[in-house]
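Undergrad: test case, fold it:
(4 chains)
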Number of protein chains: 2
Amino acid sequence: MTSETSRPGRQRLAPEVRRRQVLDAAVAVFSEEGFHGASMDAVAARAGVSKPLVYVHGGSKDELFAACLHREADRLLDAVQSAAGAPGEAPLVRLRRALRAFFHALTTQRAGWTVLYRQASTGPFAGEVDALRRRIVEEAADLMADGLGVPRAVALPYAHTLVGAAEGLADWWLGDPDAAGDGVAEPADVLADMLLAVVGPGIEALTNGSSGSIASSSSVSGER
Amino acid sequence: MTSETSRPGRQRLAPEVRRRQVLDAAVAVFSEEGFHGASMDAVAARAGVSKPLVYVHGGSKDELFAACLHREADRLLDAVQSAAGAPGEAPLVRLRRALRAFFHALTTQRAGWTVLYRQASTGPFAGEVDALRRRIVEEAADLMADGLGVPRAVALPYAHTLVGAAEGLADWWLGDPDAAGDGVAEPADVLADMLLAVVGPGIEALTNGSSGSIASSSSVSGER
DNA sequence: GCCGTACTTTACGCGCCGGTAGATAAGGCG
DNA sequence: CGCCTTATCTACCGGCGCGTAAAGTACGGC
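TA: Numbers count the residues shown, from 1 in each chain, chains lettered A, B, ... in the order given. Next up, the predicted model:
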């Protein structure tokens, strides 16, 4: 993690390899220090190269950060999308698979998650992060609109709620990774089940009646 | 909001009043520009005072930001706590009131919310924000442990999930405030009902059985 | 009307960091 | 074995923004 692959100062590497090294280092440093807190020198040091190399392979600091964002966002989204599978299956089953993939991605790409969700929400990158979040939420909205048989516009706020719930659970678990699971089951699966225990019945209730339990008022009016 | 009470440059004010002015301006600027993006000059300009005065009443930039954090955190927590009421009433009713208060606080203190949740999660203030979030989550955990009849350690992750869901819904609504409500009902109440529609049945199910719907596995084992 | 003091204007020091220019070596190729 | 391409380094510049110092100005009590 903290050690660079090449100890001697000078080693010529293929550009793509260097670029990957720099990106990895950038994700690590940005996740720990935040965008403003991270210096290009720190990224260079983490990558085991000198600063100008960072500029050669990563461009300016903004471009480098944007590159980190895009790569990690694509990784996360790909994982979730491919796990969700195609429409036609039971929505709650698809949702469960998607959630498992989401939490699993967390366990394997913690730095990327941190960069995406804790560091990038401010500054000129809010748009970038919003785009990712929106894509995930759209995915969830499709799923729910499909399962609930309601227009997407109605499902959208519920999708945001669901994604927020997943993030809340994820943040809790990241802060205390030993707290979930009995040690034998995959933590990601345990987390997905916990989340489904909370939101699953509500979603099912929304499917049957148009509103559930004590929340019976004008909740979902479908107005924009 | 953007206008200062005293147009002429010189006005002698009681220190506490000035301090409040400076704090208000700081919250506004920090919420718009972020911690690093905001300059002390900008805060001074927003408050309608000169920069040295900001340092007199607000201390260093870090201290000023911390002061903003504390004030807004206390405001939000007070609103939610006092709305939740005392134990003994039906947990879901208390939860509903707390949620309404939470969303209502959003509508009246948007800048404060933004500072707390979108600007302060990084840097030396992550601890401060974590403290607030933890206090709110603890509140929710008490509520759920009470209603579910389970140990707090078990209720804690569900509390995080619930708070995350509220934040997700809040962020969605802040991005598109016209999307919720039919125009006659209080948006905060509509949002609370929407959230309860999703998580209410799940919470009830957790109360009865020890797990709900398709999530039947080892989800809640009570292990630390 | 006069002093204390809250406040302003102005100017500056200083450290940090993004970004770059010019020197250096690494290694394939003949 | 020497040369040329180019990946890489050392060293540096400039700006920005925090924080403060110094000197002047008007408000309001006595």
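Undergrad: report how many residues lie close to A:Gly168.
TA: Summarising burial for A:Gly168: neighbours were counted as other CB atoms under 10 Å in any protein chain shown, giving 25. All C-beta spots, glycine's among them, are computed from the backbone N, C-alpha and C.
Undergrad: does the residue lying closest to it once chain neighbours are set aside sit in a helix or strand, and which one?
TA: The shortest distance from A:Gly168 to any non-neighbouring residue, by CB to CB, 6 or more residues apart in numbering or on different chains, is to B:Gly164 (1.6 Å). Here B:Gly164 is covered by helix B:152-175, with elements defined by DSSP states H and E.
Undergrad: which helices and strands does that helix pack with?
TA: Helix B:152-175 sits against helix A:152-175, helix A:187-208, helix B:91-108, helix B:110-114, helix B:126-148, helix B:187-208, with contacts defined as 3 or more CB pairs under 8 Å, 6 or more residues apart in numbering or on different chains; DSSP states H and E.
Undergrad: could you give the mean pLDDT of it?
TA: Throughout helix B:152-175, pLDDT has a mean value of 92.
Undergrad: where does chain A have its least confident helix or strand?
TA: Of all regular secondary-structure elements in chain A, judged by mean pLDDT, DSSP states H and E, the least confident is helix A:126-148 with a mean of 83.
Undergrad: give me the helices and strands touching it, please.
TA: When contacts are defined as 3+ CB pairs under 8 Å, 6+ apart, helix A:126-148 sits against helix A:61-84, helix A:91-108, helix A:152-175, helix A:187-208.
Undergrad: for these, which one sits closest to A:Ala131?
TA: Ranking the helices and strands packed on helix A:126-148 by their distance to A:Ala131 (criterion: CB to CB) puts helix A:61-84 first, at 7.8 Å.
Undergrad: what's in contact with the closest one?
TA: Around helix A:61-84, the neighbours that count as contacts under CB atoms under 8 Å, 6 or more residues apart in numbering or on different chains are A:22-23, A:26-27, A:30, A:35, A:40, A:43, A:54, A:58-59, A:94-95, A:97-98, A:100-102, A:104-105, A:109, A:112-113, A:115-116, A:120, A:124-125, A:128-129, A:131-132, A:135-136, A:139, A:143.
Undergrad: show me the contacts for A:Ile136.
TA: Contacts of A:Ile136 were listed using CB under 8 Å, 6+ apart, and they are A:76-77, A:80, A:163.
Undergrad: now, which of the residues you listed sits nearest DNA strand D?
TA: Distance to DNA strand D, by CB to the nearest atom of the strand, is smallest for A:Leu76 among these, at 28.4 Å.
Undergrad: that older thread, please point out which parts of the helix holding B:Gly164 sit buried.
TA: By neighbour count on 16 or more other CB atoms under 10 Å in any protein chain shown, the buried set for helix B:152-175 is B:154-173.
Undergrad: what does stretch A:67-76 give?
TA: Neighbour-count burial for stretch A:67-76, with 16+ other CB under 10 Å as criterion, is recorded at A:67-69, A:71-73, A:75-76.
Undergrad: just stretch A:79-91 next, same as before
TA: Judged by neighbour count (16+ other CB under 10 Å), stretch A:79-91 contains these buried residues: A:79-80, A:83-84, A:91.
Undergrad: domain parsing for chain A?
TA: Dividing chain A into domains by automatic domain parsing, as the record does, gives the ranges A:13-59, A:69-209.
Undergrad: between these, which one is closest to B:Ser50.
TA: By CB to CB (comparing all of the domains of chain A), the closest turns out to be domain A:13-59, at 26.0 Å.
Undergrad: starting at the chain centroid, how far to that closest one?
TA: Distance of domain A:13-59 from its chain centroid, counting by CA atoms, centre = their mean, to the nearest Å, is 21 Å.
Undergrad: likewise stretch A:153-160?
TA: For stretch A:153-160, the distance between its averaged C-alpha position and the chain's averaged C-alpha position is 18 Å (CA atoms, centre = their mean).
Undergrad: sorry, back to before: just put the buried residues of stretch A:79-91 in JSON lines and tack on distance to B:Asp193 and pLDDT.
TA: Rendered in JSON lines, the data for those read as follows (distance: CB to CB, whole Å; pLDDT from 0 to 100):
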{"residue": "A:Ala79", "distance to B:Asp193": "33", "pLDDT": "91"}
{"residue": "A:Val80", "distance to B:Asp193": "28", "pLDDT": "90"}
{"residue": "A:Ala83", "distance to B:Asp193": "31", "pLDDT": "90"}
{"residue": "A:Ala84", "distance to B:Asp193": "28", "pLDDT": "84"}
{"residue": "A:Pro91", "distance to B:Asp193": "23", "pLDDT": "81"}
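Undergrad: how about those residues in TSV, adding distance to B:Pro15?
TA: TSV is the format used below for these (distance: CB to CB, whole Å):
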residue	distance to B:Pro15
A:Ala79	55
A:Val80	53
A:Ala83	58
A:Ala84	58
A:Pro91	60
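Undergrad: for DNA strand C, state which of the residues you listed is nearest.
TA: The nearest member of the buried residues of stretch A:79-91 to DNA strand C, counting by CB to the nearest atom of the strand, is A:Ala79 at 30.2 Å.
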